[in-house]
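K.L.:
mind looking at a prediction? Sequence and model below.
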Amino acid sequence: MTMAEELTERLSDDEMRQLIKLLVRYCNSDLDQFDDWRVTLPWGEAYISISNALPPGVPRDAFTEVWPFSPKLRESNG
């Protein structure tokens, strides 16, 4: 599989768990206050914001909790 093909495939459950673990690790070790990233894709750009504070006027419930893993993402072996 080429890199271009790999980047268009949906993430497997294992890959999603790995992504979340790496983001948690990043937030624990490297995130100061915030980071804003831009990813250029064939169809346009995607914007990713990571912050240790809620945006003004946005309730906490607007965010999906992913760590600790939700039951949907929890590995079958515990």
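P.N.:
Looks like it arrived, so ask away.
K.L.:
okay, which residue is most central for the chain?
P.N.:
residue 20 (5.6 Å; CA atoms, centre = their mean).
K.L.:
my read: it touches residue 73, true?
P.N.:
Yes: counting by CB atoms under 8 Å, residue 20 does reach residue 73; the two are 6.9 Å apart. For glycine as for every other residue, the C-beta is placed from the backbone atoms N, C-alpha and C.
K.L.:
identify the contacts common to these two.
P.N.:
Taking CB atoms under 8 Å, 6 or more residues apart in numbering as the criterion, residue 20 and residue 73 both touch residue 66.
K.L.:
burial measure for residue 24, as a count.
P.N.:
13 (other CB atoms under 10 Å).
K.L.:
for this structure, what's the longest helix?
P.N.:
Looking only at the chain and at elements set by DSSP state H, the helix with the highest residue count is helix 13-29.
K.L.:
list the buried residues for that one?
P.N.:
Neighbour-count burial for helix 13-29, counted by 16 or more other CB atoms under 10 Å, picks out 17, 20.
K.L.:
from the chain's centroid, how far away is it?
P.N.:
Once both centres are worked out by CA atoms, centre = their mean, to the nearest Å, helix 13-29 turns out to sit 7 Å from its chain's centre.
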